[in-house]
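Colleague: Return atomic coordinates for the entry below.
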Amino acid sequence: MIDWSTMPDQPTALGDRARDNLSFIRNTMERATAFTGVPGWGGAGMGATAIVASGLAADAPSTQAWLTIWLTEAVVAFLIGAWSLGRKSRRLQGSVLARPARQFLLSFSPPILVGVALTVALWASGNWELLPGTWLLLYGAGVVTGGAFSVRAVPSMGLVITCVGVVTLFWPGMGDIGMATGFGVVQIGFGAYIARRHGG
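Modeller: So this is what the prediction gives:
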């Protein structure tokens with residue numbers, strides 16, 4: 001006679017195995033489609049230069065000098081970001097032109113291009129005090145949209161920068177402090193986290 005009490009619970013074991021397989025497949029697909037090349041240390045470096053720029057801009061002798069400082073900072077930050085992005089992408093995903101990287105860049109770019117157009121319009125109309133909030137809002141939006149194809153910390157960083165942008169937009173007298181906070185402190189904090197958790 002067969003002792004059924006000693007038989008293994010095969011349906012349960014099979015169910016556990018199927019769940020494990022599905023979890024493995026899901027994690028593999030997420031790794032294949034998520035852009036992990038966002039540079040943590042590069043972002044921290046961009047944040048450090050933003051803090052330096054905010055200190056210089058606060059003592060600028062004119063609005064033209066103020067704008068020159070921040071536009072120079074934008075170029076420096078772009079160069080740091082582009083170099084570190086390319087370096088990390090090649091190391092982790094083989095190419096900066098890989099599909100996840102292209103998705104990130106295509107989603108990140110439109111808000112930045114809108115920011116360029118609004119910079120010209122606001123400066124020409126004499127509303128330069130709205131620039132800090134506008135820059136923070138659009139950069140934060142770009143990080144959120146691009147971050148949809150990246151690790152979870154990236155869109156979270158974008159949301160925080162966007163919130164700083166909202167406050168700065170309605171508190172224009174504190175524009176340099178807002179940009180030091182959003183472009184500086186927030187990027188350094190999230191950059192260090194991304195670097196530790198996602199390979200640099």
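
Colleague: which stretches of the protein have low pLDDT?
Modeller: For the chain, the stretches flagged by pLDDT under 70 are 1-38, 88-101, 200.

Colleague: Going along the chain, name the helices of it.
Modeller: 10-33, 40-58, 63-93, 99-124, 131-147, 153-169, 175-179, 187-197 (DSSP state H).

Colleague: can you give me the offset of the second one from its chain's centre?
Modeller: Once both centres are worked out by CA atoms, centre = their mean, to the nearest Å, helix 40-58 turns out to sit 15 Å from its chain's centre.

Colleague: same for it, what does it pack against?
Modeller: Other elements packing on helix 40-58 under the criterion 3 or more CB pairs under 8 Å, 6 or more residues apart in numbering; DSSP states H and E are helix 63-93, helix 175-179, helix 187-197. C-beta: built from backbone N, CA, C; applies to glycine.

Colleague: can you do 10 Å?
Modeller: helix 63-93, helix 131-147, helix 153-169, helix 175-179, helix 187-197 (3 or more CB pairs under 10 Å, 6 or more residues apart in numbering; DSSP states H and E).

Colleague: Turn those helices into a markdown table, including mean neighbour count.
Modeller: Output for the helices and strands packed on helix 40-58, formatted as a markdown table (neighbours: other CB atoms under 10 Å):
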| stretch | mean neighbour count |
| --- | --- |
| helix 63-93 | 17 |
| helix 131-147 | 23 |
| helix 153-169 | 20 |
| helix 175-179 | 23 |
| helix 187-197 | 19 |
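
Colleague: out of those helices, nearest to Thr49?
Modeller: helix 63-93 (5.3 Å; CB to CB).

Colleague: And that closest one, what does it pack against?
Modeller: Using 3+ CB pairs under 10 Å, 6+ apart: helix 63-93 touches helix 40-58, helix 99-124, helix 131-147, helix 175-179, helix 187-197.

Colleague: Can you add distance to Gln64 and give those helices back as TSV?
Modeller: Formatted as TSV, these follow (distance: least, CB to CB, whole Å):
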stretch	distance to Gln64
helix 40-58	12
helix 99-124	10
helix 131-147	13
helix 175-179	15
helix 187-197	26
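
Colleague: who wins for proximity to Ser84 among those?
Modeller: Taking these one by one with CB to CB, helix 40-58 is closest: 2.6 Å.

Colleague: Let's see the closest one as PDB, backbone CA atoms only.
Modeller: Extracted C-alpha coordinates of helix 40-58, given in PDB (Å, rounded to 0.1, in the frame of the first residue of the first chain):
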ATOM      1  CA  GLY A  40      26.000  59.000 -10.300                       C
ATOM      2  CA  TRP A  41      29.400  60.500  -9.700                       C
ATOM      3  CA  GLY A  42      29.000  62.600 -12.800                       C
ATOM      4  CA  GLY A  43      25.700  64.000 -11.400                       C
ATOM      5  CA  ALA A  44      27.500  64.700  -8.100                       C
ATOM      6  CA  GLY A  45      30.200  66.600 -10.000                       C
ATOM      7  CA  MET A  46      27.500  68.600 -11.800                       C
ATOM      8  CA  GLY A  47      26.000  69.400  -8.400                       C
ATOM      9  CA  ALA A  48      29.300  70.600  -7.000                       C
ATOM     10  CA  THR A  49      29.900  73.000  -9.900                       C
ATOM     11  CA  ALA A  50      26.300  74.300  -9.500                       C
ATOM     12  CA  ILE A  51      27.000  75.200  -5.900                       C
ATOM     13  CA  VAL A  52      30.200  77.000  -6.900                       C
ATOM     14  CA  ALA A  53      28.200  78.900  -9.700                       C
ATOM     15  CA  SER A  54      25.500  79.900  -7.200                       C
ATOM     16  CA  GLY A  55      28.100  81.500  -5.000                       C
ATOM     17  CA  LEU A  56      29.600  83.400  -7.900                       C
ATOM     18  CA  ALA A  57      26.200  84.400  -9.200                       C
ATOM     19  CA  ALA A  58      25.100  85.800  -5.900                       C
END
